[in-house]
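J.: need the 3D shape of this:
(one chain, ligands or ions: 1)
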Amino acid sequence: MNQTLREAYRGFFDIGAAVNARTIRSAGELIAAQYNSITAENEMKPERVHPEEERYTFEEADAIVAFARANGLRMRGHTLVWHNQTPDWFFEDGRGGKAAKEAALARLRSHIRTVVKRFAGDVYCWDVVNEAVDDAGQDALRATKWLDVVGPSYIAKAFEFAHEADPKALLFYNDYNESHPAKRERIYALVKSLVEAGTPIHGVGLQAHWNLYDPPLDDIRRAIERYASLGLRLHITEMDVSMFAFDDRRTDLAEPTDDMLALQEERYESFFRVFLEYREAIDSVTFWGAADDYTWLHDFPVRGRTNWPLLFDARHRPKRSFERVAALAEAAKRGSGAGGASR
Ligand code: GLA
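T.: Below you'll find the model as predicted:
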(Lines give C-alpha, C1' and ligand atoms only; values in the text may rest on other atoms or scores of the structure.)
Protein backbone atom coordinates (compact mmCIF):
# COMPACT_ATOMS: atom_id res chain seq x y z
CA MET A 1 0.00 0.00 0.00
CA ASN A 2 1.64 3.31 -0.98
CA GLN A 3 -0.59 5.80 0.72
CA THR A 4 -0.41 6.12 4.48
CA LEU A 5 -2.57 7.95 6.96
CA ARG A 6 0.41 9.32 8.82
CA GLU A 7 1.80 10.91 5.67
CA ALA A 8 -1.59 12.15 4.50
CA TYR A 9 -2.10 13.93 7.82
CA ARG A 10 1.46 15.13 8.37
CA GLY A 11 1.27 18.80 9.30
CA PHE A 12 -2.34 18.39 10.47
CA PHE A 13 -2.47 15.73 13.20
CA ASP A 14 -0.57 12.85 14.65
CA ILE A 15 -2.44 9.68 13.71
CA GLY A 16 -2.50 7.15 16.52
CA ALA A 17 -3.63 3.62 17.27
CA ALA A 18 -4.29 1.89 20.56
CA VAL A 19 -2.11 -1.20 20.79
CA ASN A 20 -1.60 -4.06 23.19
CA ALA A 21 1.10 -6.61 23.87
CA ARG A 22 -0.40 -8.88 21.17
CA THR A 23 -1.23 -6.38 18.43
CA ILE A 24 2.28 -4.91 18.38
CA ARG A 25 3.13 -8.33 16.91
CA SER A 26 -0.03 -9.28 14.99
CA ALA A 27 -0.42 -5.81 13.44
CA GLY A 28 3.09 -4.44 14.01
CA GLU A 29 3.82 -3.77 10.36
CA LEU A 30 0.54 -2.03 9.73
CA ILE A 31 0.91 0.10 12.85
CA ALA A 32 4.47 1.15 12.05
CA ALA A 33 3.55 2.02 8.47
CA GLN A 34 0.23 3.80 8.95
CA TYR A 35 0.38 5.46 12.34
CA ASN A 36 2.91 7.74 14.02
CA SER A 37 1.57 7.58 17.57
CA ILE A 38 0.40 4.80 19.86
CA THR A 39 -1.47 4.42 23.14
CA ALA A 40 -1.33 1.30 25.31
CA GLU A 41 -4.88 -0.05 25.39
CA ASN A 42 -4.52 -1.46 28.92
CA GLU A 43 -0.85 -1.97 29.72
CA MET A 44 -0.25 1.29 31.59
CA LYS A 45 -3.44 1.22 33.64
CA PRO A 46 -3.10 1.00 37.44
CA GLU A 47 -4.18 -2.66 37.72
CA ARG A 48 -1.58 -3.67 35.14
CA VAL A 49 1.43 -1.74 36.38
CA HIS A 50 0.72 -1.63 40.10
CA PRO A 51 -1.21 -4.71 41.25
CA GLU A 52 0.02 -4.47 44.85
CA GLU A 53 1.27 -1.50 46.80
CA GLU A 54 4.86 -2.72 46.90
CA ARG A 55 4.93 -4.29 43.44
CA TYR A 56 5.10 -2.70 40.02
CA THR A 57 4.85 -4.82 36.86
CA PHE A 58 6.12 -2.93 33.84
CA GLU A 59 7.07 -5.74 31.44
CA GLU A 60 4.20 -5.31 28.98
CA ALA A 61 4.26 -1.52 29.10
CA ASP A 62 8.02 -1.62 28.56
CA ALA A 63 7.56 -3.86 25.51
CA ILE A 64 5.13 -1.35 24.02
CA VAL A 65 7.51 1.54 24.71
CA ALA A 66 10.30 -0.46 23.05
CA PHE A 67 8.05 -0.98 20.01
CA ALA A 68 7.38 2.77 19.85
CA ARG A 69 11.10 3.55 20.07
CA ALA A 70 12.08 0.97 17.48
CA ASN A 71 9.58 2.45 15.02
CA GLY A 72 9.93 6.13 15.86
CA LEU A 73 6.35 6.47 17.12
CA ARG A 74 5.16 8.99 19.67
CA MET A 75 3.37 7.69 22.75
CA ARG A 76 0.32 8.92 24.60
CA GLY A 77 0.15 7.69 28.20
CA HIS A 78 -3.13 6.13 29.34
CA THR A 79 -4.19 6.35 32.16
CA LEU A 80 -3.15 7.44 35.66
CA VAL A 81 -6.46 7.80 37.50
CA TRP A 82 -9.65 5.95 36.65
CA HIS A 83 -12.57 4.34 38.51
CA ASN A 84 -12.04 1.14 36.54
CA GLN A 85 -9.09 -1.26 36.36
CA THR A 86 -7.68 0.13 39.59
CA PRO A 87 -6.80 -2.26 42.41
CA ASP A 88 -8.71 -1.99 45.67
CA TRP A 89 -5.58 -1.65 47.81
CA PHE A 90 -5.43 2.04 46.86
CA PHE A 91 -8.61 2.58 48.88
CA GLU A 92 -8.25 0.19 51.83
CA ASP A 93 -6.61 0.52 55.22
CA GLY A 94 -5.46 -3.12 55.36
CA ARG A 95 -7.76 -3.86 58.31
CA GLY A 96 -10.97 -4.23 56.36
CA GLY A 97 -11.80 -0.53 56.42
CA LYS A 98 -11.49 2.46 54.16
CA ALA A 99 -8.11 4.18 53.73
CA ALA A 100 -7.68 7.62 55.24
CA LYS A 101 -7.72 10.48 52.74
CA GLU A 102 -4.07 11.35 53.35
CA ALA A 103 -2.98 7.75 52.89
CA ALA A 104 -4.87 7.42 49.61
CA LEU A 105 -3.38 10.68 48.34
CA ALA A 106 0.12 9.54 49.30
CA ARG A 107 -0.44 6.35 47.31
CA LEU A 108 -1.79 8.29 44.36
CA ARG A 109 1.27 10.52 44.41
CA SER A 110 3.66 7.65 44.66
CA HIS A 111 1.88 5.74 41.87
CA ILE A 112 1.87 8.72 39.53
CA ARG A 113 5.47 9.61 40.33
CA THR A 114 6.75 6.12 39.65
CA VAL A 115 4.79 5.55 36.44
CA VAL A 116 5.29 9.00 34.94
CA LYS A 117 9.00 9.12 35.75
CA ARG A 118 9.56 5.66 34.31
CA PHE A 119 8.22 6.70 30.93
CA ALA A 120 9.36 10.34 30.92
CA GLY A 121 10.96 11.09 27.57
CA ASP A 122 9.03 8.29 25.85
CA VAL A 123 5.49 9.27 26.78
CA TYR A 124 4.93 12.91 25.80
CA CYS A 125 1.42 13.30 27.20
CA TRP A 126 -0.82 11.57 29.75
CA ASP A 127 -4.51 11.01 30.19
CA VAL A 128 -4.17 11.95 33.83
CA VAL A 129 -7.79 11.51 34.86
CA ASN A 130 -10.17 9.34 32.86
CA GLU A 131 -13.97 9.53 32.99
CA ALA A 132 -14.48 11.38 36.28
CA VAL A 133 -17.72 13.01 35.13
CA ASP A 134 -21.08 11.29 35.54
CA ASP A 135 -23.26 10.79 32.45
CA ALA A 136 -26.47 11.87 34.12
CA GLY A 137 -28.00 12.31 37.53
CA GLN A 138 -27.72 14.81 40.33
CA ASP A 139 -24.00 14.92 40.80
CA ALA A 140 -21.53 16.23 38.29
CA LEU A 141 -18.80 13.84 39.36
CA ARG A 142 -19.09 10.08 39.00
CA ALA A 143 -19.39 8.22 42.31
CA THR A 144 -16.02 6.44 42.51
CA LYS A 145 -13.75 5.16 45.22
CA TRP A 146 -11.45 8.10 44.54
CA LEU A 147 -14.30 10.50 45.20
CA ASP A 148 -15.41 8.54 48.23
CA VAL A 149 -12.00 8.31 49.87
CA VAL A 150 -10.37 11.59 48.82
CA GLY A 151 -13.22 13.88 47.79
CA PRO A 152 -13.32 16.01 44.63
CA SER A 153 -9.77 17.28 45.15
CA TYR A 154 -8.38 13.97 43.85
CA ILE A 155 -8.69 15.32 40.31
CA ALA A 156 -6.58 18.46 40.73
CA LYS A 157 -4.13 16.53 42.93
CA ALA A 158 -3.58 13.96 40.19
CA PHE A 159 -2.65 16.72 37.74
CA GLU A 160 -0.30 18.32 40.28
CA PHE A 161 1.43 15.01 40.98
CA ALA A 162 1.83 14.28 37.27
CA HIS A 163 3.24 17.73 36.60
CA GLU A 164 5.67 17.40 39.46
CA ALA A 165 6.84 14.01 38.13
CA ASP A 166 7.41 15.21 34.55
CA PRO A 167 7.07 18.96 34.05
CA LYS A 168 7.44 18.50 30.28
CA ALA A 169 4.53 16.10 29.85
CA LEU A 170 1.27 17.45 28.44
CA LEU A 171 -1.58 16.57 30.78
CA PHE A 172 -5.11 15.68 29.63
CA TYR A 173 -8.55 15.14 31.06
CA ASN A 174 -10.14 12.33 28.97
CA ASP A 175 -13.81 11.27 28.70
CA TYR A 176 -16.48 9.60 26.54
CA ASN A 177 -19.91 10.86 25.46
CA GLU A 178 -17.87 14.04 25.20
CA SER A 179 -20.05 15.37 22.39
CA HIS A 180 -23.43 14.79 24.03
CA PRO A 181 -24.63 18.25 25.08
CA ALA A 182 -25.43 17.47 28.72
CA LYS A 183 -22.22 15.56 29.39
CA ARG A 184 -20.25 18.13 27.42
CA GLU A 185 -21.36 20.87 29.78
CA ARG A 186 -20.36 18.80 32.81
CA ILE A 187 -16.93 18.09 31.35
CA TYR A 188 -16.57 21.74 30.39
CA ALA A 189 -17.48 22.89 33.91
CA LEU A 190 -15.01 20.51 35.52
CA VAL A 191 -12.14 21.43 33.21
CA LYS A 192 -12.93 25.13 33.50
CA SER A 193 -12.75 24.90 37.27
CA LEU A 194 -9.35 23.20 36.99
CA VAL A 195 -8.03 25.86 34.63
CA GLU A 196 -9.32 28.67 36.84
CA ALA A 197 -7.68 27.13 39.88
CA GLY A 198 -4.33 27.14 38.07
CA THR A 199 -4.16 23.34 37.82
CA PRO A 200 -1.48 22.11 35.40
CA ILE A 201 -3.81 20.79 32.68
CA HIS A 202 -3.03 21.23 29.00
CA GLY A 203 -5.71 19.43 27.11
CA VAL A 204 -9.00 17.64 26.79
CA GLY A 205 -9.18 14.15 25.32
CA LEU A 206 -12.34 13.42 23.35
CA GLN A 207 -12.61 9.64 23.35
CA ALA A 208 -14.86 9.59 20.25
CA HIS A 209 -16.36 6.11 20.66
CA TRP A 210 -18.95 6.93 18.03
CA ASN A 211 -21.26 4.98 15.73
CA LEU A 212 -23.04 5.20 12.37
CA TYR A 213 -25.89 7.25 13.82
CA ASP A 214 -24.59 9.15 16.79
CA PRO A 215 -23.40 11.72 17.70
CA PRO A 216 -24.65 14.32 15.22
CA LEU A 217 -21.93 16.40 13.56
CA ASP A 218 -23.23 19.61 15.06
CA ASP A 219 -22.85 18.20 18.55
CA ILE A 220 -19.25 17.33 17.75
CA ARG A 221 -18.61 20.85 16.49
CA ARG A 222 -20.14 22.40 19.60
CA ALA A 223 -18.07 20.13 21.84
CA ILE A 224 -14.83 20.97 20.07
CA GLU A 225 -15.60 24.69 20.23
CA ARG A 226 -16.59 24.56 23.87
CA TYR A 227 -13.46 22.71 25.03
CA ALA A 228 -11.18 24.74 22.77
CA SER A 229 -12.64 27.95 24.25
CA LEU A 230 -10.82 27.07 27.46
CA GLY A 231 -7.53 27.64 25.67
CA LEU A 232 -6.55 23.97 25.88
CA ARG A 233 -5.29 21.57 23.20
CA LEU A 234 -7.63 18.84 21.99
CA HIS A 235 -6.80 15.22 21.22
CA ILE A 236 -9.21 12.71 19.75
CA THR A 237 -8.07 9.81 21.92
CA GLU A 238 -10.06 6.60 21.33
CA MET A 239 -11.87 6.91 18.04
CA ASP A 240 -13.93 4.12 16.57
CA VAL A 241 -17.15 4.10 14.56
CA SER A 242 -19.30 1.15 15.56
CA MET A 243 -21.62 -0.31 12.94
CA PHE A 244 -24.40 -0.52 15.53
CA ALA A 245 -26.58 2.05 17.23
CA PHE A 246 -26.11 2.09 20.98
CA ASP A 247 -29.29 0.08 21.69
CA ASP A 248 -29.00 -2.30 18.71
CA ARG A 249 -28.56 -5.87 19.98
CA ARG A 250 -28.40 -7.77 16.68
CA THR A 251 -25.83 -10.57 16.51
CA ASP A 252 -26.61 -12.16 13.15
CA LEU A 253 -23.88 -10.66 10.95
CA ALA A 254 -20.61 -12.35 9.99
CA GLU A 255 -19.69 -9.45 7.69
CA PRO A 256 -20.77 -5.82 7.59
CA THR A 257 -23.50 -5.11 5.05
CA ASP A 258 -22.78 -2.86 2.06
CA ASP A 259 -25.10 -0.26 3.54
CA MET A 260 -23.16 -0.25 6.77
CA LEU A 261 -19.86 0.16 4.97
CA ALA A 262 -21.26 2.97 2.85
CA LEU A 263 -22.60 4.81 5.86
CA GLN A 264 -19.35 4.29 7.73
CA GLU A 265 -17.46 5.90 4.84
CA GLU A 266 -19.76 8.88 4.98
CA ARG A 267 -19.38 9.19 8.71
CA TYR A 268 -15.60 8.88 8.69
CA GLU A 269 -15.30 11.44 5.95
CA SER A 270 -17.59 13.87 7.79
CA PHE A 271 -15.75 13.41 11.09
CA PHE A 272 -12.39 14.11 9.53
CA ARG A 273 -13.82 17.08 7.67
CA VAL A 274 -14.82 18.48 11.07
CA PHE A 275 -11.40 17.70 12.56
CA LEU A 276 -9.73 19.52 9.68
CA GLU A 277 -12.05 22.49 10.16
CA TYR A 278 -10.81 22.71 13.74
CA ARG A 279 -7.21 21.80 13.06
CA GLU A 280 -5.99 24.90 14.91
CA ALA A 281 -7.22 23.27 18.12
CA ILE A 282 -6.66 19.55 17.46
CA ASP A 283 -3.17 17.98 17.49
CA SER A 284 -3.77 14.25 17.45
CA VAL A 285 -6.34 11.69 16.33
CA THR A 286 -5.97 8.21 17.85
CA PHE A 287 -8.06 5.21 16.84
CA TRP A 288 -8.93 2.65 19.50
CA GLY A 289 -7.27 -0.15 17.59
CA ALA A 290 -5.35 -0.59 14.35
CA ALA A 291 -7.59 -2.85 12.18
CA ASP A 292 -10.90 -4.70 12.36
CA ASP A 293 -9.42 -8.09 13.35
CA TYR A 294 -8.97 -6.83 16.89
CA THR A 295 -11.25 -4.32 18.58
CA TRP A 296 -12.68 -4.10 22.10
CA LEU A 297 -16.07 -3.90 20.33
CA HIS A 298 -16.01 -7.60 19.41
CA ASP A 299 -18.30 -9.11 22.05
CA PHE A 300 -18.89 -5.74 23.72
CA PRO A 301 -21.38 -4.50 24.76
CA VAL A 302 -23.23 -7.35 22.99
CA ARG A 303 -21.81 -10.84 23.48
CA GLY A 304 -21.31 -12.91 20.35
CA ARG A 305 -21.30 -9.87 18.07
CA THR A 306 -18.50 -8.87 15.70
CA ASN A 307 -17.93 -5.21 14.84
CA TRP A 308 -15.90 -3.41 12.16
CA PRO A 309 -15.19 0.05 13.54
CA LEU A 310 -11.78 0.98 12.09
CA LEU A 311 -10.22 2.08 8.79
CA PHE A 312 -8.47 -1.22 7.99
CA ASP A 313 -10.28 -4.52 7.54
CA ALA A 314 -9.63 -7.76 9.38
CA ARG A 315 -6.88 -8.61 6.87
CA HIS A 316 -5.29 -5.19 7.36
CA ARG A 317 -6.37 -3.94 3.94
CA PRO A 318 -7.51 -0.31 3.72
CA LYS A 319 -11.30 0.08 3.63
CA ARG A 320 -13.05 2.64 1.44
CA SER A 321 -13.32 4.70 4.61
CA PHE A 322 -9.53 4.87 4.67
CA GLU A 323 -9.45 6.16 1.12
CA ARG A 324 -12.02 8.85 1.84
CA VAL A 325 -10.22 9.98 4.98
CA ALA A 326 -6.84 10.06 3.23
CA ALA A 327 -8.26 11.88 0.19
CA LEU A 328 -9.68 14.56 2.44
CA ALA A 329 -6.23 15.36 3.82
CA GLU A 330 -4.71 15.50 0.35
CA ALA A 331 -7.45 17.91 -0.72
CA ALA A 332 -6.92 20.04 2.39
CA LYS A 333 -3.21 20.25 1.52
CA ARG A 334 -4.03 21.44 -1.96
CA GLY A 335 -6.16 24.05 -0.27
CA SER A 336 -9.41 23.16 -1.93
CA GLY A 337 -10.96 22.44 1.44
CA ALA A 338 -13.15 19.67 0.06
CA GLY A 339 -12.06 16.08 -0.14
CA GLY A 340 -12.56 13.06 -2.35
CA ALA A 341 -16.11 12.18 -3.11
CA SER A 342 -18.82 14.66 -2.27
CA ARG A 343 -20.73 14.38 1.01
C1 GLA B 1 -12.56 3.52 27.97
C2 GLA B 1 -11.13 3.63 28.45
C3 GLA B 1 -10.20 2.84 27.59
C4 GLA B 1 -10.74 1.48 27.26
C5 GLA B 1 -12.08 1.61 26.64
C6 GLA B 1 -12.57 0.26 26.25
O7 GLA B 1 -12.83 4.32 26.90
O8 GLA B 1 -10.66 4.94 28.50
O9 GLA B 1 -8.99 2.69 28.29
O10 GLA B 1 -10.83 0.69 28.43
O11 GLA B 1 -12.93 2.23 27.58
O12 GLA B 1 -11.59 -0.50 25.61
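
J.: in space, what's closest to the residue nearest the centre of the chain - neighbours in sequence excluded?
T.: For the chain, the residue sitting closest to the mean C-alpha position, by Cα atoms, centre = their mean, is Thr237 at 2.8 Å. Among residues not flanking Thr237 along the chain, Gly205 sits closest, at 3.8 Å (Cβ to Cβ, 6 or more residues apart in numbering). Where you see a C-beta, it was placed from the backbone N, CA and C, and this is true even at glycine.

J.: surely the one you found touches His235?
T.: Yes - using Cβ atoms under 8 Å, Gly205 is in contact with His235, at 5.0 Å.

J.: rewinding a little: would you confirm that the residue nearest to the centre of the chain belongs to a helix?
T.: No - using DSSP: H, G, I helix; E, B strand; the rest coil, the assignment for Thr237 is strand, not a helix.

J.: what sits against it?
T.: 39, 76, 78, 127, 172, 174, 205-208, 284, 286 (Cβ atoms under 8 Å, 6 or more residues apart in numbering).

J.: try 6 Å this time
T.: 174, 205, 207, 286 (Cβ atoms under 6 Å, 6 or more residues apart in numbering).

J.: what about the strands in this protein?
T.: 14-19, 37-40, 74-81, 123-130, 170-175, 203-206, 209-211, 233-242, 282-287 (DSSP state E).

J.: and the ones you listed: which comes nearest Arg273?
T.: strand 282-287 (12.4 Å; Cβ to Cβ).

J.: what's that closest one packed up against?
T.: In terms of contacts (3 or more Cβ pairs under 6 Å, 6 or more residues apart in numbering; DSSP states H and E), strand 282-287 is packed against strand 14-19, strand 233-242.

J.: reformat the strands of the chain as CSV; add mean pLDDT and distance to the ligand.
T.: Formatted as CSV, the strands of the chain follow (pLDDT from 0 to 100; distance: least, Cβ to the nearest ligand atom, whole Å):
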stretch, mean pLDDT, distance to the ligand
strand 14-19, 98, 8
strand 37-40, 98, 8
strand 74-81, 98, 6
strand 123-130, 98, 5
strand 170-175, 99, 6
strand 203-206, 99, 9
strand 209-211, 98, 6
strand 233-242, 98, 5
strand 282-287, 98, 11
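
J.: now the ones you listed in JSON lines, with distance to Ile31?
T.: Listed next are the strands of the chain as JSON lines, based on distance: least, Cβ to Cβ, whole Å:
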{"stretch": "strand 14-19", "distance to Ile31": "5"}
{"stretch": "strand 37-40", "distance to Ile31": "7"}
{"stretch": "strand 74-81", "distance to Ile31": "12"}
{"stretch": "strand 123-130", "distance to Ile31": "17"}
{"stretch": "strand 170-175", "distance to Ile31": "21"}
{"stretch": "strand 203-206", "distance to Ile31": "20"}
{"stretch": "strand 209-211", "distance to Ile31": "20"}
{"stretch": "strand 233-242", "distance to Ile31": "15"}
{"stretch": "strand 282-287", "distance to Ile31": "10"}
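
J.: what residue in the chain comes nearest to the ligand?
T.: Nearest residue of the chain to the ligand: Trp296, at 3.6 Å (Cβ to the nearest ligand atom).

J.: now that residue: phi and psi?
T.: Main-chain dihedrals, Trp296, degrees, to the nearest 10: phi -60, psi -10.

J.: got a winner among the contacts of Thr237 for most neighbours?
T.: Within these, most neighbours by other Cβ atoms under 10 Å means Gly205, with 30 neighbours.

J.: who's that one bridged to?
T.: With DSSP bridges as the criterion, Gly205 is bridged to Asn174, His235.

J.: so what's the residue count around the nearest residue to Lys183 once chain neighbours are set aside?
T.: Excluding the flanking residues, the one nearest Lys183 by Cβ to Cβ, 6+ apart is Asn177, at 4.4 Å. Asn177 has 21 neighbours, counted by other Cβ under 10 Å.

J.: OK, contacts around Leu311?
T.: Here Leu311 is in contact with 319, 321-322 (Cβ under 6 Å, 6+ apart).
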